[in-house]
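Visitor: I need the structure of the sequence given here:
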Amino acid sequence: MPLDKEKARVNLKEILDRMQNSADATLLHEYYKLFKKEIPFFKRSYAAAWLFMNYDEKEAPHIRNNDVSSDAGEKTFITIPEEESKRLFISIGKNRRLFPREIITLLISKTSAEREDIGSIRILDNYSFVQVRDTKADEIIEKLTGHKFRGRTLAVNFAKPKSSENDAD
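Guide: Below is the predicted model of the structure:
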C-alpha cells in the first residue's frame, strides 16, 4: 500500500497532540524508559517508524484531505447556512503555529462534533473564529473552555458580531 503522506502527517500531529495534552506523563515515561532499554540506539528511529506505520495503516485521519485549504493559511470551508450556525471565538491563533486542520481535529476529538458540523475557520495572530452548527456550539464551549492546548488554557465563547470584531483590528 503506498504511503498517503497527508494522512500520515495528520496522524503524526494527532499523536503529538495526544502525547502532549492527554497522555499520562508517568505511564508515558515508563514506556519511554522501556523503549530505551530494550531497543538499541541505532534502531530506535526505525522502531518508532515501524510503530507509526502500523498505527497509520489502521488509524483513519480525523479529516479528509479536501476539507482543508492547501495554503496552510487562514480559512477552510464547509458551507453551513447562517441560520443553522454560530461563530465561536477561540483564544489561540497563528502565534502558536495553529492551522485549520488542527482546530478541526481538536473539535472532533474532544466533542461529539463531526466534520460536517464545522464551517469556516479564520485564524488570526492571537485568536481564531470558527463557524459551528448551532446544535454543537454549547457543547464545544463547555468542553474546550479551560482545556490545555499547545501550552495554553483555552477560552472559548460565542463571538461578538462582526462589526465589533472589525473595530478591534
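
Visitor: Quick check: phi and psi at R87.
Guide: With angles defined as degrees, to the nearest 10, R87 shows backbone torsions of phi -100, psi 130.

Visitor: State the distance from it to Y31.
Guide: Spatial separation of R87 from Y31 under the definition C-beta to C-beta, to the nearest Å is 41 Å. Where you see a C-beta, it was placed from the backbone N, CA and C, and this is true even at glycine.

Visitor: And the two? Which one has more around it.
Guide: Neighbours per residue, other C-beta atoms under 10 Å: of R87 and Y31, the larger number sits with R87, 19 against 11.

Visitor: longest single helix anywhere in this structure?
Guide: Using DSSP state H, we find that the single longest helix of the chain is helix 5-21.

Visitor: Show me how far that helix is from its chain's centre.
Guide: On the basis of C-alpha atoms, centre = their mean, to the nearest Å, the separation between the geometric centre of helix 5-21 and that of its chain is 9 Å.

Visitor: quick one: average pLDDT of that helix?
Guide: Averaging pLDDT along helix 5-21 gives 80.

Visitor: what comes up buried for the following helix or strand past that helix?
Guide: Downstream of helix 5-21, the next assigned helix or strand under DSSP states H and E is helix 25-38. When neighbours are counted by 16 or more other C-beta atoms under 10 Å, no buried residue of helix 25-38 is found.

Visitor: From the contact counts, what lies against the longest helix of the chain?
Guide: Packed against helix 5-21 by the contact rule (3 or more C-beta pairs under 8 Å, 6 or more residues apart in numbering; DSSP states H and E) you find helix 44-58, helix 100-110, strand 148-149.

Visitor: chain center to the second one, what's the gap?
Guide: Centroid separation for helix 100-110 versus its chain: 3 Å, with C-alpha atoms, centre = their mean.

Visitor: How about the last one?
Guide: Centroid separation for strand 148-149 versus its chain: 11 Å, with C-alpha atoms, centre = their mean.
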